[in-house]
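Undergrad: Using only what follows, build the 3D model:
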Amino acid sequence: MEDVILKVSNVGKDYILGTVTGETLKDAVRRRKGEADKLHNEKFTALDGVSFEVKKGETLGIIGSNGAGKSTLLKLISRITSPTRGNIYIDGKVASLLEVGTGFHPELTGKENIYLNGAILGMSRKEIDSKLQSIIDFSECEKFIDTPVKRYSSGMYVKLAFSVSAHLDADILIMDEVLAVGDVKFQHKCLDKMREIVAREKRTILYVSHNMESVRRLCSRCIILDHGKIVYDGDTDEACKRYFGNETVKTDSYADYTEYVRPGWLGRDDVRLTRAEYPDRVVEVTDYKPLKLKFDWRVYKPVEKVGIRVEISDSEEHVFASAVFYNLIEGNPGTTGESVINVDLTHVENGQYKTVYTVFCPDQFGESSNIDWVKGLDIVIDREKTDPDKLNWNSSSWGNVSL
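TA: Now for the predicted structure:
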């Protein structure tokens, strides 16, 4: 246990939704009678039973969809807020890079803001003096270091801010999306700097990001959070595969999505697909008849008028056709069911195609609001040529659909 620098033990965090106030007698009576829809002080559990250990010199990636509890976990470790349940044990100094550029004053010069930001992050004047030139060199802003930062471009601003943060002396460095700064060249420079810190100084890094490339390059281990619980803890490549659905149990005729952690850009989980199947498929190819698809789903929040969109793409995952089906799903939390649709492939030419299934519902503006997204089953079309006078279709030049 000597090399364990961080231990999170059965940690839970609850928040209060809505107006924070005392429950009235009327609220209490309504709650007892089951008539209240949403009372004051309703509890929301952001983290529930989270446990893991991190060793000195380890780089741990933390990934998951929006609202999974990633930022909450980092705030607990940073002591910005305290856990509702459980304990967090830390052996060393913690530095948090949760908001790059916090404390920068627009009227001050770049150099003055280095001292201001460094002091906010816990650096002494002497420490900043010794690292000043190194910070300026790394930021690539030396030419403008005596210019007020209000005249900086957004890229220059975050470069300088990250440069200050990267020179902190801390045993545990906590970063939340902070490498999404500057251009691609500077991002790679930041990753190299982080790896150098880990290798040379044996620092520990906790890194949250939706950019899987940076997670793969920086982290030796990764955990996946889903609805406040850890659903995976292990190899980074394996975690990224699970995150993108590549580890979905999939055959030629069905796919199981029960263990699939949805991608981070989805902010909702009202409905989730649990299974997709070609119920009539006995061979790998389809003919001119419509392709039957059966979906199993589960409702997590009250919904109505929910549809499913089947997007068909070529081998390079460029979508060239979509089939949209409306009003397939409705129900309250806990409702399960199945929907069967028929996709018309009459005008899609021979070839092997990829699909994506998107669950959507109309929003208040009449637009489509996506609430689930999974990689679908492949479609292989290999029809026999029936008309001898027709030319062989050239998909690379003419496209995948014949009108």
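Undergrad: From residue 121, how far off is the closest residue to residue 78 other than its chain neighbours?
TA: Ranked by C-beta to C-beta, 6 or more residues apart in numbering and with sequence neighbours excluded, the top spatial neighbour of residue 78 is residue 96, at 4.1 Å. Bear in mind the C-beta positions are built from the backbone N, C-alpha and C, glycine included. Distance, residue 96 to residue 121, using C-beta to C-beta, to the nearest Å: 8 Å.
Undergrad: re earlier: hmm, residue 174 and the residue nearest to residue 78 touching each other?
TA: Yes. Residue 96 is within contact range of residue 174, at 4.6 Å (criterion: C-beta atoms under 8 Å).
Undergrad: Can you check which residues contact both of these two?
TA: 74, 78 (C-beta atoms under 8 Å, 6 or more residues apart in numbering).
Undergrad: Past the helix or strand containing residue 162, which element shows up next along the chain?
TA: Secondary structure assigned from DSSP states H and E places residue 162 in helix 154-166. For helix 154-166, the following helix or strand on the C-terminal side (DSSP H and E) is strand 172-176.
Undergrad: Quick one: list the elements packing against that following strand.
TA: On a contact count with 3 or more C-beta pairs under 8 Å, 6 or more residues apart in numbering; DSSP states H and E, strand 172-176 meets helix 70-77, strand 94-97, strand 204-208.
Undergrad: Which one of those lies nearest to residue 276?
TA: Evaluated over these, closeness to residue 276 peaks at helix 70-77, with 28.2 Å, by C-beta to C-beta.
Undergrad: quick one, the closest one and strand 204-208 angle?
TA: Put simply, helix 70-77 runs at 150 degrees to strand 204-208, going by axes from the mean of the first three to the mean of the last three C-alpha atoms, to 10 degrees.
Undergrad: For the next helix or strand after helix 70-77, buried residues please.
TA: With elements assigned by DSSP H and E, the helix or strand that comes after helix 70-77 is strand 85-90. By 16 or more other C-beta atoms under 10 Å, the buried positions in strand 85-90 come out as 86, 88, 90.
Undergrad: which non-adjacent residue is nearest the first one?
TA: Closest residue in space to residue 86, ignoring its immediate chain neighbours: residue 11 at 3.6 Å, by C-beta to C-beta, 6+ apart.
Undergrad: Now do the strands in the stretch 101-250 of the chain.
TA: 172-176, 204-208, 221-226, 229-234, 249-250 (DSSP state E, counting those that start in this stretch).
Undergrad: Reformat those as a markdown table; add mean neighbour count and distance to residue 329.
TA: Below are these laid out as a markdown table (neighbours: other C-beta atoms under 10 Å; distance: least, C-beta to C-beta, whole Å):
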| stretch | mean neighbour count | distance to residue 329 |
| --- | --- | --- |
| strand 172-176 | 23 | 34 |
| strand 204-208 | 23 | 32 |
| strand 221-226 | 22 | 21 |
| strand 229-234 | 16 | 24 |
| strand 249-250 | 14 | 22 |
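Undergrad: Take these and write them to JSON lines, including distance to residue 81.
TA: As requested, the strands of the stretch 101-250 of the chain are arranged in JSON lines below (distance: least, C-beta to C-beta, whole Å):
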{"stretch": "strand 172-176", "distance to residue 81": "14"}
{"stretch": "strand 204-208", "distance to residue 81": "16"}
{"stretch": "strand 221-226", "distance to residue 81": "17"}
{"stretch": "strand 229-234", "distance to residue 81": "19"}
{"stretch": "strand 249-250", "distance to residue 81": "38"}
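Undergrad: Can I get the ones you listed in JSON lines including mean pLDDT and distance to residue 395?
TA: What follows is the strands of the stretch 101-250 of the chain, written out as JSON lines (pLDDT from 0 to 100; distance: least, C-beta to C-beta, whole Å):
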{"stretch": "strand 172-176", "mean pLDDT": "84", "distance to residue 395": "44"}
{"stretch": "strand 204-208", "mean pLDDT": "89", "distance to residue 395": "42"}
{"stretch": "strand 221-226", "mean pLDDT": "90", "distance to residue 395": "38"}
{"stretch": "strand 229-234", "mean pLDDT": "90", "distance to residue 395": "38"}
{"stretch": "strand 249-250", "mean pLDDT": "74", "distance to residue 395": "24"}
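Undergrad: right, and the ones you listed - which one's nearest residue 355?
TA: Using C-beta to C-beta, the nearest of those to residue 355 is strand 249-250, at 11.4 Å.
Undergrad: Residue 334: neighbouring residues, count only.
TA: Counted with other C-beta atoms under 10 Å, the neighbours of residue 334 add up to 8.
Undergrad: Show me what the closest residue to it other than its chain neighbours is bridged to.
TA: Closest residue in space to residue 334, ignoring its immediate chain neighbours: residue 299 at 6.8 Å, by C-beta to C-beta, 6+ apart. Beta-bridge partners recorded for residue 299 (DSSP bridges): residue 271.
Undergrad: residues contacting residue 299?
TA: 270-271, 329, 331-336.
Undergrad: redo that, cut-off 7 Å
TA: By C-beta atoms under 7 Å, 6 or more residues apart in numbering, the residues touching residue 299 are 271, 331-335.
Undergrad: Enumerate the strands of the stretch 251-400 of the chain by residue range, in sequence order.
TA: Using DSSP E, counting those that start in this stretch, strands in the stretch 251-400 of the chain cover 254-256, 271-277, 291-299, 303-313, 319-331, 336-343, 351-362, 368-375, 379-381.
Undergrad: and of those strands, who's closest to residue 154?
TA: strand 368-375 (28.2 Å).
Undergrad: Buried residues, the closest one. List them.
TA: Buried residues in strand 368-375 (16+ other C-beta under 10 Å): 371-375.
Undergrad: Please apply the same query to stretch 355-368.
TA: 355-361.
Undergrad: Ok, stretch 59-67 next?
TA: Neighbour count says stretch 59-67 has 59-65, 67 buried, by 16+ other C-beta under 10 Å.
Undergrad: Perfect, that will be all.
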